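Visitor: Compute the structure for the input listed below.
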Amino acid sequence: MDPLAQMIQDKISSGVLPREVDFATTWYGRGTGRRCVACERPIPVFDIEVEGDLDDGGVLYFHGGCYRTWDTERRRS
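Guide: Below is the predicted model:
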């Protein structure tokens with residue numbers, strides 16, 4: 001398993017990242033420098049940022065690639 005997928009699996013297992021989520025809204029756009037919840041690195045302007053708005057008012061920010069990896073790994077679990 002690649003290191004990113006392993007890191008995301010570990011975060012899903014520990015509850016840091018959700019396994020089941022139904023985002024109220026999902027936005028895609030240029031990076032804003034926010035920290036990715038999956039890899040913990042800033043999301044630069046030249047990268048895609050995915051913003052998942054939760055029903056409880058929380059927000060999860062991902063790099064585009066991290067979001068795809070998280071979505072794949074959560075479905076495997």
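Visitor: Can you give me the buried ones in stretch 41-53?
Guide: 43, 48, 49, 50, 51, 52 (16 or more other Cβ atoms under 10 Å). The way it works is simple: take the backbone N, C-alpha and C, and place the C-beta from them, glycine included.
Visitor: and if you look at stretch 16-35?
Guide: Buried residues in stretch 16-35, defined by neighbour count with 16+ other Cβ under 10 Å: 17, 18, 31.
Visitor: just to revisit the earlier point, go through the buried residues of stretch 41-53 and flag which are in strands.
Guide: Counted as lying in strands by DSSP state E, out of these, are 48, 49, 50, 51, 52.
Visitor: Dump those residues into CSV; add pLDDT and distance to residue 58 as well.
Guide: Conversion of these to CSV gives the following (pLDDT from 0 to 100; distance: Cβ to Cβ, whole Å):
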residue, pLDDT, distance to residue 58
48, 97, 21
49, 98, 16
50, 98, 14
51, 97, 11
52, 96, 9
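Visitor: Tell me the one among the buried residues of stretch 41-53 nearest to residue 23.
Guide: Relative to residue 23, the closest of those is residue 52; by Cβ to Cβ it sits at 4.1 Å.
Visitor: Was I right to think residue 39 contacts residue 7?
Guide: Yes - counting by Cβ atoms under 8 Å, residue 39 touches residue 7, with 6.7 Å between them.
Visitor: which residues are common contacts for these two?
Guide: With Cβ atoms under 8 Å, 6 or more residues apart in numbering applied, the contact sets of residue 39 and residue 7 do not overlap.
Visitor: what about residue 12, is that helix, strand or coil?
Guide: Under DSSP: H, G, I helix; E, B strand; the rest coil, the three-state class of residue 12 is helix.
Visitor: So, low pLDDT: which residues of this protein?
Guide: Counting by pLDDT under 70, the chain has low-confidence residues at 77.
Visitor: The same query, at a cut-off of 80, please.
Guide: The chain contains residues with pLDDT under 80 at 1, 77.
Visitor: Could I get the full set of strands for it?
Guide: Going by DSSP E, the chain shows strands at 25-30, 48-53, 59-63.
Visitor: Indicate each strand paired with the shortest one and its parallel or antiparallel sense.
Guide: Counting by DSSP bridges, the strands paired with strand 59-63 are strand 48-53 (antiparallel).
Visitor: With that, I have no additional questions.
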